[in-house]
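[1] output the structure for:
(2 chains)
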Amino acid sequence: MIDVRNLTKDYGTVVAVRDLSFEVGAGEVVGFLGPNGAGKSTTLRILGGFLGATTGSVSINGFDIVDDSLKARGCIGYMPEACPLYPEMRTREYLRFRAEAKGVSRSKRSAAIDRAMELARVSEMADTLIQHLSKGYRQRVGLADALVSTPPLLILDEPTAGLDPNQIRDVRTVIRELGDSHTILLSTHILSEVEATCDRAIVIDRGELQAEGTIDELRDMRRAAGARLVLGSLGSSREEVAVSTAEDVPGVFIAKVEPSHKHTVLTATFDDDIDDAGAALAALVAALVAAGFDVREAAPTKASLEDVFAQLTVGAKS
Amino acid sequence: MKGTLAIYRREMLSLWITPLAWVILVAFLLLQGISFYLLVQHFTNMTNLSIDSGPVQAYFGQSIFLVFSLLIICPALTMRLFAEERRSGNIEALMTLPVTPTAVVLGKYLATLSTYALMWLPTLLYIVILRKTGDVSWPVVGASYIGVFGVGAGYLAIGILMSAMSRSQLLAAILTVLVIFGLFMMGIGEYIFPPGIMRDVSSHVSVLRQMDDFSKGIVDLRRIVFDLSLTVLPLFLTVRVVDSWRQD
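    Sure thing, here's the model as predicted:
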């Protein structure tokens, strides 16, 4: 449905997107993930036809966004990040304008508007002036606008930005429902959003692709599970003993110590294929205690998608 | 053109449901009313009227009020067209529509042009009033309205270009006023330059001269062509400017 090839966007002073390539297949719900300023909005704006790319090509549903610009844009329901709308218009008036401009035929327009308002849950605000709508409702009017021409592809730029937790839950529910009948690409910097709504994620940072895969695949990219232990203050010779003791424990792949003011933190990473991390941790504690170390705290560390994200994006900076 | 009508309708709606169009209309009719009142005052004291300097000629052709009112309403009608879309960020929703920049520019332009025409509509009452007291030549009236329509069409096209080129409505309005005023001053050159090429050029672009001709019933094709170029060229440039935003 979306095919992005070697996309680069150079703003002159900043390169916002650098040689980015990815695909989104029909029917997929894909999260476009990255920290603020990673180039998410720029990429989506290029896909939506609002910005031109410096180099590279994008095709939407088989239509090139430069050569077949109108047809490509016709396949997209695009929801900009800010969703500004026209405050002087009523919801229904605004959607009628958008439907007409998107070429929804006159006979189908009213039904299309009602359907879009129902899907986006703004039916009760149909005759309210947009300037009187709350941020949450405006966001939903923007969503209804994206849906009004029943496009096969939805591109949503930070659909939950600026909403309160209840509204975020509502919007996610709506997106999940829409995912059954649409291809969706949504951008976010919030991981739980991707976990809650998407099949697959594309992670970018500073304009470059960092990782791509299903949520499970991304989780597998995390460093293996491990443990964090706090030991009493050690001298440097004892630190080495602690590391070698820990690494001798079966299941422990590598261990590191970080001395601090009053104690020493030992972090151990378990083998990738470890079955029972709990048993490995117990064995590790037992081995250290047996070697005479003063173990004050011991906790398992389980990599979450958050860690993967941090590793992929922050790690790339170092 | 696909989408033009939708954008036209939205612009008309937004113009007339907000106070803007009404405020401009009141200001415009007030100026026109003062102009007409002064002219009627002037002509009631005259006993002999020559055929080509009646109240209609004076109203359309020999009154500075006409240029003055255009200088106010044209920038006011066009200043928000693109500047406001860009300030609010709505431009993103507009440009991602499956609609060409030409359709967007045309829809917005035609909305201001028809609003402008609507604003002149009440002035037909003056003609009705004049008819009560004497004869009114319909060709002269027709030519006069063609004249104001032509001049306005050009000024509005300049206004839309300035709105596309600036991010603030105020700046757009000021730039439009400057350009219109510049054109007016070029026309004044007719009274300053000695006979020759400069005077011919000044006369050709003079809005005063144009309205003077049209209000005598002379529909000069060269002036129509001039108005048309003053409309088409800025509109063409506006489309180019709008298209260039994609490459920002």
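
[2] let me see the ranges of the strands in the stretch 1-150 of chain A.
    Taking DSSP state E, counting those that start in this stretch as the test, the strands found in the stretch 1-150 of chain A are A:2-10, A:15-24, A:29-33, A:55-60, A:63-64, A:76-79.

[3] for residue A:87, find the nearest of these.
    In terms of C-beta to C-beta, the element of the strands of the stretch 1-150 of chain A nearest to residue A:87 is strand A:76-79, at 17.5 Å. Placement of C-beta: from N, CA and C, glycine included.

[4] turn the strands of the stretch 1-150 of chain A into a markdown table, including mean pLDDT.
    Output for the strands of the stretch 1-150 of chain A, formatted as a markdown table (pLDDT from 0 to 100):
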| stretch | mean pLDDT |
| --- | --- |
| strand A:2-10 | 92 |
| strand A:15-24 | 92 |
| strand A:29-33 | 91 |
| strand A:55-60 | 93 |
| strand A:63-64 | 94 |
| strand A:76-79 | 94 |
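
[5] could you pull out the helices for the stretch 101-250 of chain A?
    For the stretch 101-250 of chain A, helices defined by DSSP state H, counting those that start in this stretch occupy the ranges A:106-120, A:135-147, A:165-179, A:191-197, A:215-220, A:236-248.

[6] who are the packing partners of the first one?
    In this structure, helix A:106-120 makes packing contacts with helix A:91-101, helix A:135-147, helix A:165-179, judged by 3 or more C-beta pairs under 8 Å, 6 or more residues apart in numbering or on different chains; DSSP states H and E.

[7] what mean pLDDT does it have?
    Averaged across helix A:106-120, the pLDDT comes to 93.

[8] tell me the contacts of residue 53?
    By default, I'm working from chain A. Taking C-beta atoms under 8 Å, 6 or more residues apart in numbering or on different chains as the contact definition, residue A:53 lies against A:7, A:8, A:9, A:17, A:46.

[9] I was thinking of chain B, sorry if that wasn't clear
    residue B:62 are the contacts of residue B:53 under C-beta under 8 Å, 6+ apart.

[10] what does chain B put close to chain A?
    Counting by C-beta under 8 Å from any C-beta of the partner chain, the residues of chain B close to chain A are B:2-3, B:5-7, B:9-10, B:13-14, B:17-18, B:88-90, B:92-93, B:95-100, B:246-248.

[11] quick one: buried residues of stretch A:38-48?
    Buried residues in stretch A:38-48, counted by 16 or more other C-beta atoms under 10 Å in any protein chain shown: A:38, A:39, A:40, A:41, A:42, A:43, A:44, A:45, A:46, A:47, A:48.

[12] does chain B sit close to it?
    Yes. Stretch A:38-48 lies within reach of chain B by C-beta under 8 Å from any C-beta, at A:45, A:48.

[13] near chain B, which residues of chain A are found?
    A:11, A:45, A:48-52, A:70-71, A:73-74, A:76, A:78, A:80, A:82, A:84-86, A:88-89, A:93, A:97-98, A:100-103, A:142, A:145.

[14] give me the buried subset of the residues you listed.
    Here, 16+ other C-beta under 10 Å leaves A:45, A:48-52, A:70, A:73-74, A:76, A:78, A:80, A:82, A:84-86, A:88-89, A:93, A:97-98, A:100-102, A:142, A:145 buried among the residues of chain A next to chain B.

[15] what about the nearest residue to residue A:271 once chain neighbours are set aside, which SS state?
    Take residue A:271 and drop its neighbours on the chain: the residue closest to it by C-beta to C-beta, 6 or more residues apart in numbering or on different chains is residue A:253, 4.8 Å away. At residue A:253 the chain is in strand, as set by DSSP: H, G, I helix; E, B strand; the rest coil.

[16] show the pLDDT at residue A:253.
    pLDDT, read off for residue A:253, is 78.

[17] tell me where the model's unsure across the chain.
    Just so you know, I chose chain A. Along chain A, the parts satisfying pLDDT under 70 run over A:220-224, A:272-273, A:302-308, A:310-318.

[18] wrong one, chain B
    For chain B (pLDDT under 70), the answer is B:47-52, B:248.

[19] residue boundaries of the strands in it?
    Assigned strands in chain B: none (criterion: DSSP state E).

[20] list phi and psi for residue A:297.
    phi -140, psi 150 (degrees, to the nearest 10).

[21] enumerate every residue touching the nearest residue to it once chain neighbours are set aside.
    Closest residue to residue A:297 apart from its sequence neighbours, by C-beta to C-beta, 6+ apart: residue A:230 at 3.9 Å. Residues near residue A:230 by C-beta under 8 Å, 6+ apart: A:263, A:264, A:265, A:266, A:295, A:296, A:297, A:298.
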